[in-house]
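S.K.: Next comes the sequence, and after it the predicted model I'd like to discuss.
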Amino acid sequence: MRKIISIVLLGIVALGIILSLARIPFGVSKTKVGGYYIDKGREETGAANIVTSIVVNYRAFDTLGEITVLFIAAVGLGAVLSTRKKHKREQDLEPASLVLYTGCRFLFPLILLFGAYIFIHGHLTPGGGFQGGAIVASAYLLIYLGCRGRRIPEAGTKVIESLAGLVFVVVGLLGLSFGGYFLLNFLPKGTPNVLFSAGIIPIVYIAIGFKVGSELAGIIDNLMEESR
(Lines give C-alpha, C1' and ligand atoms only; values in the text may rest on other atoms or scores of the structure.)
Protein backbone atom coordinates (compact mmCIF):
# COMPACT_ATOMS: atom_id res chain seq x y z
CA MET A 1 0.00 0.00 0.00
CA ARG A 2 2.86 2.37 0.84
CA LYS A 3 4.47 1.69 -2.52
CA ILE A 4 1.25 2.51 -4.34
CA ILE A 5 0.85 5.77 -2.39
CA SER A 6 4.49 6.68 -3.06
CA ILE A 7 4.08 6.04 -6.79
CA VAL A 8 0.90 8.14 -6.89
CA LEU A 9 2.58 11.02 -5.05
CA LEU A 10 5.61 10.87 -7.34
CA GLY A 11 3.29 10.91 -10.34
CA ILE A 12 1.50 14.00 -9.01
CA VAL A 13 4.80 15.79 -8.39
CA ALA A 14 6.09 14.85 -11.85
CA LEU A 15 2.87 16.05 -13.46
CA GLY A 16 3.12 19.35 -11.59
CA ILE A 17 6.71 19.86 -12.75
CA ILE A 18 5.81 19.06 -16.36
CA LEU A 19 2.86 21.46 -16.33
CA SER A 20 4.99 24.19 -14.75
CA LEU A 21 7.75 23.80 -17.31
CA ALA A 22 5.22 23.80 -20.14
CA ARG A 23 4.00 27.26 -19.09
CA ILE A 24 7.48 28.82 -18.93
CA PRO A 25 8.08 30.89 -22.09
CA PHE A 26 11.29 29.27 -23.25
CA GLY A 27 12.77 30.53 -26.51
CA VAL A 28 13.26 33.97 -28.06
CA SER A 29 9.96 33.94 -29.87
CA LYS A 30 7.95 33.54 -26.66
CA THR A 31 9.37 36.43 -24.64
CA LYS A 32 10.51 39.95 -25.32
CA VAL A 33 11.98 40.68 -21.91
CA GLY A 34 15.46 39.40 -22.69
CA GLY A 35 15.54 41.21 -25.99
CA TYR A 36 14.47 44.43 -24.34
CA TYR A 37 17.26 44.23 -21.78
CA ILE A 38 19.84 43.56 -24.48
CA ASP A 39 18.59 46.31 -26.78
CA LYS A 40 17.81 49.01 -24.20
CA GLY A 41 19.92 48.08 -21.18
CA ARG A 42 23.05 50.01 -22.11
CA GLU A 43 21.13 53.08 -23.24
CA GLU A 44 18.85 53.26 -20.18
CA THR A 45 21.41 52.41 -17.49
CA GLY A 46 24.77 53.47 -18.95
CA ALA A 47 26.35 50.18 -17.82
CA ALA A 48 28.56 48.33 -20.27
CA ASN A 49 27.86 45.07 -18.44
CA ILE A 50 24.29 44.06 -19.32
CA VAL A 51 24.08 41.61 -16.42
CA THR A 52 24.90 44.46 -14.06
CA SER A 53 22.21 46.68 -15.57
CA ILE A 54 19.66 43.95 -14.87
CA VAL A 55 20.82 43.00 -11.37
CA VAL A 56 21.43 46.50 -9.95
CA ASN A 57 18.97 48.56 -11.97
CA TYR A 58 15.95 46.70 -13.37
CA ARG A 59 15.72 44.28 -10.45
CA ALA A 60 17.68 46.18 -7.81
CA PHE A 61 14.93 45.67 -5.23
CA ASP A 62 15.32 41.92 -5.65
CA THR A 63 19.08 42.31 -5.12
CA LEU A 64 18.35 44.18 -1.88
CA GLY A 65 16.30 41.17 -0.83
CA GLU A 66 19.18 38.83 -1.60
CA ILE A 67 21.66 40.67 0.60
CA THR A 68 18.98 40.81 3.29
CA VAL A 69 18.75 37.01 3.16
CA LEU A 70 22.54 36.81 3.52
CA PHE A 71 22.38 39.18 6.48
CA ILE A 72 19.68 37.09 8.17
CA ALA A 73 21.74 33.93 7.59
CA ALA A 74 24.82 35.55 9.16
CA VAL A 75 22.81 36.77 12.16
CA GLY A 76 21.18 33.38 12.55
CA LEU A 77 24.50 31.57 12.50
CA GLY A 78 25.94 33.94 15.06
CA ALA A 79 22.90 33.49 17.29
CA VAL A 80 23.08 29.69 17.10
CA LEU A 81 26.78 29.58 17.89
CA SER A 82 26.47 32.12 20.71
CA THR A 83 23.97 29.92 22.55
CA ARG A 84 26.53 27.19 22.98
CA LYS A 85 28.55 27.11 26.16
CA LYS A 86 32.01 28.43 25.51
CA HIS A 87 34.91 27.01 27.47
CA LYS A 88 37.59 29.56 28.17
CA ARG A 89 40.76 27.64 27.70
CA GLU A 90 43.92 28.22 25.82
CA GLN A 91 44.58 25.89 22.97
CA ASP A 92 47.91 25.35 21.32
CA LEU A 93 47.42 26.01 17.65
CA GLU A 94 49.48 24.01 15.23
CA PRO A 95 51.63 26.45 13.23
CA ALA A 96 50.90 26.72 9.53
CA SER A 97 53.37 25.60 6.90
CA LEU A 98 55.96 28.03 5.61
CA VAL A 99 54.20 28.31 2.25
CA LEU A 100 50.82 29.08 3.81
CA TYR A 101 52.30 31.51 6.33
CA THR A 102 54.21 33.38 3.63
CA GLY A 103 51.14 33.47 1.39
CA CYS A 104 49.07 34.84 4.26
CA ARG A 105 51.43 37.75 4.76
CA PHE A 106 51.98 38.71 1.12
CA LEU A 107 48.77 37.69 -0.65
CA PHE A 108 46.29 39.16 1.82
CA PRO A 109 46.50 42.80 0.60
CA LEU A 110 46.58 41.68 -3.04
CA ILE A 111 43.41 39.62 -2.62
CA LEU A 112 41.69 42.57 -0.95
CA LEU A 113 42.77 44.82 -3.81
CA PHE A 114 41.52 42.34 -6.40
CA GLY A 115 38.16 41.98 -4.65
CA ALA A 116 37.78 45.76 -4.49
CA TYR A 117 38.63 46.00 -8.19
CA ILE A 118 35.93 43.46 -9.01
CA PHE A 119 33.08 45.30 -7.30
CA ILE A 120 34.25 48.80 -8.24
CA HIS A 121 34.34 47.83 -11.94
CA GLY A 122 31.20 45.69 -11.78
CA HIS A 123 29.33 47.97 -14.20
CA LEU A 124 32.13 47.69 -16.77
CA THR A 125 33.38 44.10 -16.59
CA PRO A 126 32.03 40.69 -15.47
CA GLY A 127 31.74 40.54 -11.71
CA GLY A 128 30.18 42.81 -9.14
CA GLY A 129 29.39 43.22 -5.48
CA PHE A 130 28.68 39.59 -4.61
CA GLN A 131 31.74 38.26 -6.43
CA GLY A 132 34.05 40.97 -5.10
CA GLY A 133 32.72 40.53 -1.56
CA ALA A 134 33.33 36.78 -1.71
CA ILE A 135 36.92 37.40 -2.84
CA VAL A 136 37.46 39.83 0.04
CA ALA A 137 36.12 37.24 2.49
CA SER A 138 38.51 34.63 1.06
CA ALA A 139 41.40 36.90 2.06
CA TYR A 140 40.26 36.72 5.68
CA LEU A 141 39.94 32.95 5.39
CA LEU A 142 43.59 32.89 4.31
CA ILE A 143 44.44 34.89 7.44
CA TYR A 144 42.87 32.21 9.62
CA LEU A 145 44.59 29.37 7.81
CA GLY A 146 48.05 30.89 7.44
CA CYS A 147 48.45 33.40 10.27
CA ARG A 148 47.21 31.37 13.21
CA GLY A 149 45.98 33.28 16.23
CA ARG A 150 44.84 36.37 14.36
CA ARG A 151 41.17 37.34 14.37
CA ILE A 152 38.94 39.58 12.33
CA PRO A 153 37.99 42.76 14.24
CA GLU A 154 34.34 41.94 14.94
CA ALA A 155 33.30 45.50 15.76
CA GLY A 156 34.86 46.80 12.54
CA THR A 157 33.07 44.27 10.32
CA LYS A 158 29.72 45.09 11.95
CA VAL A 159 30.22 48.82 11.38
CA ILE A 160 31.17 48.27 7.72
CA GLU A 161 28.24 45.92 7.21
CA SER A 162 25.76 48.37 8.74
CA LEU A 163 27.08 51.38 6.81
CA ALA A 164 27.05 49.47 3.51
CA GLY A 165 23.45 48.40 4.02
CA LEU A 166 22.52 51.94 5.02
CA VAL A 167 24.08 53.33 1.82
CA PHE A 168 22.04 50.90 -0.29
CA VAL A 169 18.78 51.90 1.40
CA VAL A 170 19.57 55.64 1.32
CA VAL A 171 20.34 55.50 -2.40
CA GLY A 172 17.02 53.75 -2.92
CA LEU A 173 15.16 56.37 -0.90
CA LEU A 174 16.84 59.18 -2.84
CA GLY A 175 15.55 57.58 -6.03
CA LEU A 176 12.09 57.49 -4.46
CA SER A 177 12.26 61.19 -3.58
CA PHE A 178 13.66 62.29 -6.96
CA GLY A 179 11.73 60.11 -9.34
CA GLY A 180 8.83 58.54 -7.53
CA TYR A 181 10.00 54.96 -7.08
CA PHE A 182 12.53 53.12 -4.96
CA LEU A 183 16.08 52.66 -6.35
CA LEU A 184 15.51 54.89 -9.35
CA ASN A 185 18.75 55.48 -11.23
CA PHE A 186 18.60 59.26 -10.71
CA LEU A 187 22.28 60.13 -11.28
CA PRO A 188 23.70 61.02 -14.72
CA LYS A 189 24.48 57.92 -16.79
CA GLY A 190 27.73 59.37 -18.15
CA THR A 191 29.72 57.77 -20.96
CA PRO A 192 29.61 53.96 -21.26
CA ASN A 193 32.87 52.08 -20.60
CA VAL A 194 34.07 54.87 -18.29
CA LEU A 195 34.59 54.27 -14.56
CA PHE A 196 32.38 57.18 -13.49
CA SER A 197 29.26 56.17 -15.39
CA ALA A 198 26.01 54.19 -15.04
CA GLY A 199 24.50 56.47 -12.39
CA ILE A 200 23.87 54.81 -9.04
CA ILE A 201 25.01 51.36 -10.18
CA PRO A 202 28.69 51.71 -9.10
CA ILE A 203 27.62 53.14 -5.73
CA VAL A 204 25.22 50.27 -5.12
CA TYR A 205 27.79 47.69 -6.19
CA ILE A 206 30.44 49.14 -3.88
CA ALA A 207 27.95 49.01 -1.01
CA ILE A 208 27.08 45.40 -1.87
CA GLY A 209 30.77 44.49 -2.07
CA PHE A 210 31.52 45.85 1.39
CA LYS A 211 28.36 44.34 2.89
CA VAL A 212 28.83 40.87 1.40
CA GLY A 213 32.54 40.86 2.23
CA SER A 214 31.97 41.83 5.86
CA GLU A 215 29.08 39.39 6.31
CA LEU A 216 30.99 36.45 4.84
CA ALA A 217 34.07 37.38 6.86
CA GLY A 218 31.90 37.38 9.99
CA ILE A 219 30.54 33.94 9.10
CA ILE A 220 34.09 32.65 8.61
CA ASP A 221 35.08 34.15 11.97
CA ASN A 222 32.19 32.44 13.77
CA LEU A 223 32.84 29.07 12.17
CA MET A 224 36.58 29.15 12.76
CA GLU A 225 36.13 30.09 16.40
CA GLU A 226 33.58 27.30 16.85
CA SER A 227 35.93 24.73 15.32
CA ARG A 228 38.71 25.45 17.81
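M.R.: Structure's in. What do you need? Numbering: from 1, shown residues only.

S.K.: Which residues are in contact with the residue at minimal distance from the centre of the chain?
M.R.: What sits nearest the mean C-alpha location of the chain, by C-alpha atoms, centre = their mean, is Phe130, with 2.9 Å. Phe130 makes contacts with 66, 208, 212, as judged by C-beta atoms under 8 Å, 6 or more residues apart in numbering. All C-beta atoms are positioned from the backbone trio N, CA, C, and that covers glycine.

S.K.: which SS class is it?
M.R.: helix (DSSP: H, G, I helix; E, B strand; the rest coil).

S.K.: Could you tell me the per-residue confidence at it?
M.R.: Listed pLDDT for Phe130 reads 92.

S.K.: how much space between Ser97 and Ile200?
M.R.: Note on Ser97: its distance to Ile200, by C-beta to C-beta, to the nearest Å, is 45 Å.

S.K.: Look at these two and report which has more neighbours.
M.R.: Ile200 (23 against 11; other C-beta atoms under 10 Å).

S.K.: I'd say that one and Phe186 touch.
M.R.: Yes - in this structure Ile200 lies within contact range of Phe186 using C-beta atoms under 8 Å: 6.8 Å.

S.K.: Tell me, please, where in the protein the pLDDT is lower than the cut-off.
M.R.: 23-31, 83-93, 225-228 (pLDDT under 70).

S.K.: Helices of that one, residue ranges please.
M.R.: Residue ranges of the helices in the chain, as given by DSSP state H, are 2-23, 33-45, 50-53, 60-82, 98-120, 129-146, 154-179, 201-227.

S.K.: Let me have these in a markdown table, extended by distance to Asn193.
M.R.: Shown next, in a markdown table, are the helices of the chain (distance: least, C-beta to C-beta, whole Å):
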| stretch | distance to Asn193 |
| --- | --- |
| helix 2-23 | 39 |
| helix 33-45 | 10 |
| helix 50-53 | 13 |
| helix 60-82 | 21 |
| helix 98-120 | 14 |
| helix 129-146 | 19 |
| helix 154-179 | 23 |
| helix 201-227 | 13 |
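
S.K.: Excluding covalently adjacent residues, which one is nearest to Thr63?
M.R.: Excluding the flanking residues, the one nearest Thr63 by C-beta to C-beta, 6 or more residues apart in numbering is Val55, at 5.6 Å.

S.K.: burial count for the one you found?
M.R.: 23.

S.K.: Who are the contact partners of Leu184?
M.R.: Here Leu184 is in contact with 175-176, 178 (criterion: C-beta under 8 Å, 6+ apart).
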